[in-house]
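A.B. asks: curious how this folds, go ahead:
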Amino acid sequence: MLNYFLSQISQDDSDLGRTKLHEMSIDLIDKDSRPVLLASRRTTPAQKEFLDQHISQLLKQDVIEECDSDWVSPIVLVKKKDGSQRLCIDYRAVNKLIRPCSFPLPLIEESFDSLAGSSVFSSLDLTSAYWQVGIKEEDRDFTAFSCPQGTFRWKVIPFGIKTAPANFAKLMHKVFQPLLMKVSLIYLDDIIIKAQNNDQMIAHLALVLWQLRKANLKIKPAKCELFKDRVKFLGFIVSSNGIEADPAKTRAVQEWCRPKDKKQLMAFLGFANYYRKFVQRFSVIATPLYALAKGSEKFVWLERHERAFQELKRCLCNPPVLAYPDLSPDSRGFVLDCDSSLEGVGGVLSQIGPDGSEQVVAYASKKFSQSQSNYCATMRELLGLVLMLEHFRTYLLDRPFTVRVDAAALQWLHSKKHATGMLAQWLATIDLYEFKIEQSALERVGEYDFEVQYRPGKDHVAADMLSRNPRFRADHFDCPSCSMVPEFQEKFKSEKAKKSASVNIRRQQVDAAVQCSVADVCCQTDSPVTSCHNIETVVTSACQTEKFTSNTSTQCTFFTTVPVTEAAVEATMPIETSRLAVRVAEVEQSASSESSVESVDPELEWARESQETCVDIAQLIDCVQGRTEKPPKASLQSCSREVRILWSLFDELKVENGLLYHLKPKKNKKSVNKLLVIPETADVVELVSKYHRQLNHCGITKTLTAIRSRFAIADLETYVKGIIAECDVCARTKKSKLKHKAPLQPELSATRAR
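C.D. replies: Predicted coordinates for the structure are as follows:
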């Protein structure tokens, strides 16, 4: 068979076909447009040598011809991965004047669905596909380009013209229209042939090659695969088992660096979105990244963005295999798992396989809007069901299927003929709003023929994972009001074990302070000091009052070993508890500072490590110390904005003990603040979180003041606002801004009063 179709197989790269079924035409938006005539760009001797050989090859292939055109575009030489060069032409100015030409491309999902039942695959690749389609004689001048060898124009479709993809797709549709979806799949120049066995593959391959012969198109044998059980198609691997992501594509995700700006973030999200059908709860996971990409605020990478980024990378590196849907009339039914939460809705479409097991066909998820998240649980379940039915409409319409839901209220939904009772109240409430989403939802649900089956939440795991965004939940603490973070407990225990000697000294000092404070209190309350009691009782009991809830999370570490009299505790709570805590904390802090005068400052070591790993800071240190000369301003344009600001403050920089400081003048201009310079590559989020916790979860202003007193960090306010907004302790203890108002009472008129 291949010998019979040998004329359709290229012998080398210069052996091209030339179809007569279609020729590309180029139409201008304005016929009177001024011709684009751009000057040539200079080339190196090596580039001239390459152009001599390449232009000669193009003339030999009969794809270009010399011309004298009023339209001239410049050339661009691009390096390939192997180091060789590629000739490209800058058609940007010409494309602005060309009228767009559109032709519908095949839907990828429909192409994949048509592969169900196939077990043998072949893929064909055309030799320089665009160069086998000609351009009309009167439109060739628009493609002219200039180079040191002269001015030439294309006789075939060149790369870079914006109407090229649509024209080529139109040709491929003409050639393979009788075979589409039944024998072969076409997407631009990618050709996939499917069959159930080898004999059928021979017949299908002959049909495809016959269509290529009639169109006078040739294939490149080096890029063709025949009689395979799995082939690549549009970045996916298709096989008899189903569809999976191309490992060569997903492997690159492992080495994907953290995005540094919105452009890099959008590139990652675009790649991830292409494979979203393989990722459970994609919408919920990627929500922080999409908010960062489209927000008007400055690009600041926080902990929630890092979690979402790493989770998407993990899911993309281990994608599942999705089965083909069986849409034949005698196929087994579909099963739709649907579950809604406050964040969004998740759905899993499965189908019963020949062995009776459920095979996942596709995952889907959608994040709720702010108003949709405010719906009650029943309305969210109904809305989620409607969204998933619309998403899988092509599979579920006009065929029976089963819906598994997590809400018992939906069990009787399909059997309701009229909206009565609770449903009538829902509809009455929705009618108050303009959109009436619930009424339209019921109407759309009625189009489907399905059986509702109740599944308890504990067994409804698959769809639950898609709709619920895992959030950090603090464990139960010994003191529920102060919610002491576990890391402080562990830190205190380790420090207590390592510094037992200093603890004894501190205990004596603290005991003295406590006795003094208690004596003062007892003088006011006339209560004697009789027996000792652990002050943990004081703190735990006092935390139940309103006067001692905001400043205890850090102080709890000082109270676990300080004795105080039980009588004094009973006599002083809750009036003098905060006063006692402040006294104890002051002594503890003083003792701690005295015992650690000679210890190494971890913040200095962290700053030193951050500066050593930053190339820009290292260059600044060398210049400040006089080891190198200050670079010119022109060479700093490629640096980030933060680095350029530091260079502009060069006279205020100082190096001390190998660390770079910014000597920032105070308001009185008589003295300066020596601030450690922290590069933008450092983990600023961890530093801000640490200060926020140590400052007893203070607000934005106090946290900013504390950090700015020691460090010079670019865009610090954005980091602080983001950390405090995500702080779980602050969210639980923040005072409500709602003003309490007395309920309205009817006002009696003067007549009724009499």
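
A.B. asks: got the buried residues for stretch 313-322?
C.D. replies: Of the residues in stretch 313-322, 313, 315-316, 319-320, 322 count as buried by neighbour count, 16 or more other CB atoms under 10 Å. Placement of C-beta: from N, CA and C, glycine included.

A.B. asks: first-to-last residue distance for it?
C.D. replies: 19 Å (CA to CA, to the nearest Å).

A.B. asks: and that stretch, what's its mean pLDDT?
C.D. replies: Rounded to a whole number, the mean pLDDT of stretch 313-322 is 86.

A.B. asks: just the buried positions in stretch 273-285, please.
C.D. replies: Buried residues in stretch 273-285, counted by 16+ other CB under 10 Å: 274-285.

A.B. asks: same thing with stretch 331-342?
C.D. replies: 334-341.

A.B. asks: repeat that for stretch 225-236.
C.D. replies: Within stretch 225-236, the residues that qualify as buried are 226, 231-234, 236, counting by 16+ other CB under 10 Å.

A.B. asks: mind putting these in TSV, distance to Cys376 included?
C.D. replies: Output for the buried residues of stretch 225-236, formatted as TSV (distance: CB to CB, whole Å):
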residue	distance to Cys376
Leu226	58
Val231	49
Lys232	47
Phe233	45
Leu234	42
Phe236	40
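
A.B. asks: mind putting those residues in JSON lines, pLDDT, secondary structure and distance to Val120 included?
C.D. replies: As requested, those are exported to JSON lines (pLDDT from 0 to 100; DSSP: H, G, I helix; E, B strand; the rest coil; distance: CB to CB, whole Å):
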{"residue": "Leu226", "pLDDT": "91", "secondary structure": "strand", "distance to Val120": "9"}
{"residue": "Val231", "pLDDT": "90", "secondary structure": "strand", "distance to Val120": "10"}
{"residue": "Lys232", "pLDDT": "88", "secondary structure": "strand", "distance to Val120": "15"}
{"residue": "Phe233", "pLDDT": "86", "secondary structure": "strand", "distance to Val120": "14"}
{"residue": "Leu234", "pLDDT": "85", "secondary structure": "coil", "distance to Val120": "19"}
{"residue": "Phe236", "pLDDT": "88", "secondary structure": "strand", "distance to Val120": "17"}
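
A.B. asks: just the residues you listed now: which is nearest Leu738?
C.D. replies: The closest of the buried residues of stretch 225-236 to Leu738 turns out to be Phe236 (CB to CB; 52.2 Å).

A.B. asks: quick check: that closest one vs Ala364, distance?
C.D. replies: 17 Å (CB to CB, to the nearest Å).

A.B. asks: any idea of the pLDDT on Arg99?
C.D. replies: We have a pLDDT of 91 for Arg99.

A.B. asks: pull the number of nearby residues for it.
C.D. replies: Neighbourhood size, Arg99 [other CB atoms under 10 Å]: 11.

A.B. asks: right, and it touches Ser33 too?
C.D. replies: No - using CB atoms under 8 Å, Arg99 is not in contact with Ser33, being 10.7 Å away.

A.B. asks: so what does the helix or strand hosting Phe309 touch, helix or strand wise?
C.D. replies: Using DSSP states H and E, Phe309 maps to helix 303-317. Using 3 or more CB pairs under 8 Å, 6 or more residues apart in numbering; DSSP states H and E, the elements in contact with helix 303-317 are helix 247-254, helix 262-274, helix 282-285, helix 287-294.

A.B. asks: can you do 10 Å?
C.D. replies: In terms of contacts (3 or more CB pairs under 10 Å, 6 or more residues apart in numbering; DSSP states H and E), helix 303-317 is packed against helix 247-254, helix 262-274, helix 282-285, helix 287-294, helix 684-694, helix 716-726.

A.B. asks: give me whichever of those helices is most buried.
C.D. replies: Of all the helices and strands packed on helix 303-317, helix 282-285 has the most neighbours on average by mean count of other CB atoms under 10 Å, namely a mean of 23.

A.B. asks: chain center to that one, what's the gap?
C.D. replies: The chain centre lies 8 Å from the centre of helix 282-285; the measure is CA atoms, centre = their mean, to the nearest Å.

A.B. asks: which neighbouring elements make contact with it?
C.D. replies: With contacts taken as 3+ CB pairs under 10 Å, 6+ apart, helix 282-285 sits against helix 262-274, helix 303-317, strand 344-352, strand 358-367, helix 461-467.

A.B. asks: list the contacts of that helix.
C.D. replies: The contact list for helix 282-285 (CB atoms under 10 Å, 6 or more residues apart in numbering) reads 272-273, 275-276, 279, 290, 307-309, 311-312, 314-316, 341, 343-346, 363-368, 465-470.

A.B. asks: so what would you say the end-to-end distance of stretch 227-243 is?
C.D. replies: End-to-end distance (CA to CA), stretch 227-243: 18 Å.
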